[in-house]
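> I'll drop the sequence and a predicted model, then ask my questions.
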Amino acid sequence: MILKTEENYAGFPAKVNNNTQSGYKALVKSLEKKASKETNPKACFFLLKEYIRLFKDKHFTLRYINSEDFDKEIAVYSEKYFQEQIKKKELQNIEGIWINADTSLKLAIQKTQPNTFKGIVIASKDPTIPIGLVYLTLRASKNGFIAKEYNYFITTDIPAKQKGNLLQIWNQSMFGKIYPTALSQAEKKELSTWLNDNNGLDFQKLSSKTAYLKIPSFLNNDDKIQQLVTKHDSIIKASDYLIVDLTGNGGGNTGWVSFLSYFMTNPILQYDTYLRVTPENVQMKLKDLEPFVLNPIPDDYKKYFPNETIAAYKKAYQELPTTQKTFYPIPGVTFPLDSILQRPKKIAVIVDDLCGSSTEYFFYLTKQSKKVTTYGIHTMRMMDYEGMSIPTALPYDKYFLTIPIVKSSWTDKQPIDQTGFRPTILLNTIE
């Protein structure tokens, strides 16, 4: 893994330099010494995690996926016992009984150590999730929690936030608190939007002039976003104002394409990205370019891939195998302007510090629209390096490594992985 990182990671030349080289070598030597004595794959994962976290890049990830090896901490007590215990003490706001959207899982969340809370299964409709299992561990962080599910091992921290009686685990799931407090009708409705893998997608007509689109995830739901937008397209186009709420959206795919037309006041430019030139990276990029270079472009796509874009692709395809450049520019695609929609006239985009990856990228693109004002707090900080869709093969097949091989157009001059993107209007809180 270290060899592949040094060879292919787009951030390596900038992050391991004259100032950091000695610290990097010392860490590698220390980890190699520890790893030489370790045979347990889960323990090895945590050694590898220490290496990856050195780079402070949330897109650079290692996952350990083994259905037979997970955290198996059991705390045996009943729902009634938990209710009796919490009556005897002053509770933190997160403590109580929580259910997931389809009520198949009920957790008792309680404080176990300073700044640490455990979600223990007290009811489950899934026979593989036993009563008493510590399903979820929450560690308090600056703006919420870091969540760790019992069977999910990844090097990037999974953020979680509580909003009233709702707990959102990044763009993956949501729980609602039912004891000692109860869900309001609005909270019940929001929790229900996570049913049936809907990932919290929602639309509301707030007034005769204002439409509201809630997109808390771009993770493997492009089709559902398109269906939601298509269903309510006529209402959106009849509204003066559109609110696009992206809070909690950690990214994923490019579902934002489905509602980009509402934003457009001019062509939307996607600027060049920069591929780190290595033999493996070049081969992966050539495979990406090959369909555009060797095959005719379908008529429906010609407006996105005009002759000048295809010519740039062909130039890259020809030059990449022999270029002497350290980083090679990969041409971006421009979204052409078909027409400017009369409505919505103005669009508010709301973001928070759980917004990362493709959500941050969409946020960046919205700056080109004259309709848009952005609101919220700084985004999550994970978009300086990209290109992680193809895992890097490792000798052990339960490890899944994704190495970003491309840096964004802004990375060298205005990097955001330590700051996030800043919305135009900062809000103290987002409710």
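Perfect, I can see it now. Residues are numbered from 1 along each chain as shown.
> Now find how far off-centre the helix or strand where Ser22 lies is within its chain.
Counting by DSSP states H and E, the element that carries Ser22 is helix 21-35. Relative to its parent chain, helix 21-35 has a centroid offset of 29 Å by CA atoms, centre = their mean, to the nearest Å.
> In the next helix or strand after it, which residues are buried?
Counting by DSSP H and E, the next helix or strand C-terminal to helix 21-35 is helix 41-53. For helix 41-53, a neighbour-count test (16 or more other CB atoms under 10 Å) marks 44-45, 48-49, 51-52 as buried. Glycine gets a C-beta too; all of them are placed from N, C-alpha and C.
> do the same with stretch 318-338
320, 327-328, 330-331, 333-335.
> same deal with stretch 62-80?
62-64, 75.
> now stretch 371-384
For stretch 371-384, the neighbour count (16+ other CB under 10 Å) marks 371-372, 374-384 as buried.
> Which helix or strand lies directly C-terminal to the lowest-mean-pLDDT helix or strand in the chain?
Using mean pLDDT, DSSP states H and E, the weakest-scoring helix or strand in the chain turns out to be helix 79-86, at a mean of 86. Later in the chain than helix 79-86, the nearest helix or strand by DSSP H and E is strand 96-100.
> The next helix or strand after that next one pairs with which strands, parallel or anti?
Moving toward the C-terminus from strand 96-100, the next helix or strand (DSSP H and E) is strand 105-113. Take DSSP bridges as the rule and strand 105-113 pairs in its sheet with strand 96-100 (antiparallel), strand 116-124 (antiparallel).
> shouldn't Phe218 be in contact with Val257?
No: checked against CB atoms under 8 Å, the pair Phe218 and Val257 is beyond contact range at 10.1 Å.
> Output the below-cut-off pLDDT ranges for the chain.
388, 429-431 (pLDDT under 70).
> What residue spans form the domains of it?
Split into domains by automatic domain parsing, the chain comes to 2-55, 79-182, 198-268+337-381+416-426, 273-330.
> To Asp397, which of those domains lies closest?
For Asp397, the closest of the domains of the chain is domain 2-55, at 10.3 Å, according to CB to CB.
> Now do the closest one: distance from first to last residue.
The first and final residues of domain 2-55 sit 12 Å from each other (CA to CA, to the nearest Å).
> could we number from 559 for the rest of this?
Happy to do that; since the first residue is 559 now, the last one works out to domain 560-613.
> Please name the nearest non-neighbouring residue to Leu753.
Ala659 (4.9 Å; CB to CB, 6 or more residues apart in numbering).
> From Leu804, how far off is the one you found?
20 Å (CB to CB, to the nearest Å).
> When those two are compared, which one has more neighbours?
Between Ala659 and Leu804, counted using other CB atoms under 10 Å, the more crowded position is Leu804 (28 against 20).
> isn't Ile736 right next to Leu665, touching?
No: at 10.4 Å, Ile736 does not count as touching Leu665 under the criterion of CB under 8 Å.
> what number of residues lie near Val949?
For residue 949 the amino acid is Pro, not Val. Pro949: 14 neighbours (other CB under 10 Å).
> go on, Pro717?
When neighbours are counted by other CB under 10 Å, Pro717 comes out with 22.
> now swap in Leu984 and tell me
Neighbours around Leu984, by other CB under 10 Å: 11.
> nearest residue to it other than its sequence neighbours?
Counting by CB to CB, 6+ apart, the residue nearest Leu984 is Ile935, at 6.4 Å.
> quick one, what contacts that neighbour?
909-911, 981, 984-985, 988 (CB atoms under 8 Å, 6 or more residues apart in numbering).
> The same query, at a cut-off of 7 Å, please.
Contact partners of Ile935, counting by CB atoms under 7 Å, 6 or more residues apart in numbering, are 910-911, 984-985, 988.
> what about it, distance to Gly914?
Taking CB to CB, one finds Ile935 at 13 Å from Gly914.
> go on, Pro672?
28 Å.
> Torsion angles phi and psi at Ala869?
phi -60, psi -40 (degrees, to the nearest 10).
> cool, and Ile652?
Backbone geometry at Ile652, expressed as degrees, to the nearest 10, gives phi -80, psi -20.
> For Ile644, see how far away it is.
12 Å.
> Ok, Gln926 next?
Following CB to CB, the distance that separates Gln926 from Ile644 is 51 Å.
> ok, the two, which is more surrounded?
Between Gln926 and Ile644, Ile644 has the larger neighbour count (other CB under 10 Å), namely 19 against 16.
> does that one really touch Gln650, like I thought?
No: taking contacts as CB atoms under 7 Å, Ile644 lies outside contact range of Gln650: 10.3 Å.
> Would you mind measuring from Leu895 to Gln841?
35 Å.
> ok, back up a step: list residues touching both of Ile935 and Gly914?
With CB under 7 Å, 6+ apart as the test, Ile935 and Gly914 reach no residue in common.
> List just the nearest of the contacts of Ile935 to Leu585.
Asp911 (27.8 Å).
> This protein: helices as residue ranges?
Using DSSP state H, the helices of the chain run over 560-566, 570-573, 579-593, 599-611, 637-644, 743-750, 780-789, 791-795, 837-852, 865-877, 916-924.
> Looking at those helices, which one is packed in the most?
Counting by mean count of other CB atoms under 10 Å, helix 916-924 has the highest mean neighbour count of the helices of the chain, with a mean of 22.
> Adding distance to Gln900 as columns, could you present the buried residues of helix 599-611 in CSV?
CSV is the format used below for the buried residues of helix 599-611 (distance: CB to CB, whole Å):
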residue, distance to Gln900
Cys602, 59
Phe603, 54
Leu606, 54
Lys607, 51
Tyr609, 54
Ile610, 49
